[in-house]
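*Asks:* Here's my sequence, what's the structure:
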Amino acid sequence: MNEYKVVFARSARKELESLDITLVNRILLKIEALVKDPRPGQCRKIIGEKNLWRLRIGDYRVIYSIDDEQRMIDINAIRHRSDAYR
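*Replies:* Numbers count the residues shown, from 1 in each chain. Predicted structure coming up:
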């Protein structure tokens, strides 16, 4: 099975860089797992959006889209849950 490629939006990369290193490590482990399974059991489709998914990691959310044709995952945002859907 071919793995997916993960790309980060510039804003998502900046959000990740501003977080505590232990939290960053937890988030990156979950993102790396998306390479093999872009729709794991704990992810949810965002209602009202065509192709956006969210992955919960503690109080943080990783918002991403999946392109099955290109086998790419685009990380759009990494935010605290209170700011994730604004």
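*Asks:* State the number of residues packed around the closest residue to residue 36 other than its chain neighbours.
*Replies:* For residue 36, ignoring the flanking residues on the chain, the nearest one in space by Cβ to Cβ, 6 or more residues apart in numbering is residue 3 at 6.0 Å. Just so you know, the C-beta spots here come from the backbone N, C-alpha and C atoms, and that holds for glycine as well. Using other Cβ atoms under 10 Å as the criterion, residue 3 is surrounded by 12 other residues.
*Asks:* does residue 3 count as helix, strand or coil?
*Replies:* Per DSSP: H, G, I helix; E, B strand; the rest coil, the secondary structure class of residue 3 is coil.
*Asks:* who's in contact with it?
*Replies:* Taking Cβ atoms under 8 Å, 6 or more residues apart in numbering as the definition of contact, the neighbours of residue 3 are 35-36, 71.
*Asks:* For the host helix or strand of residue 12, give me every contacting residue.
*Replies:* Under DSSP states H and E, the secondary-structure element containing residue 12 is helix 10-17. Contacts of helix 10-17 from elsewhere in the structure, counted by Cβ under 8 Å, 6+ apart, are 8, 24, 27-28, 75-79.
*Asks:* Need the contacts of residue 3 in TSV (columns: secondary structure and neighbour count).
*Replies:* Output for the contacts of residue 3, formatted as TSV (DSSP: H, G, I helix; E, B strand; the rest coil; neighbours: other Cβ atoms under 10 Å):
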residue	secondary structure	neighbour count
35	coil	14
36	coil	11
71	coil	13
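*Asks:* export these to JSON lines and tack on pLDDT and distance to residue 17?
*Replies:* Listed next are the contacts of residue 3 as JSON lines, based on pLDDT from 0 to 100; distance: Cβ to Cβ, whole Å:
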{"residue": "35", "pLDDT": "96", "distance to residue 17": "21"}
{"residue": "36", "pLDDT": "95", "distance to residue 17": "25"}
{"residue": "71", "pLDDT": "96", "distance to residue 17": "26"}
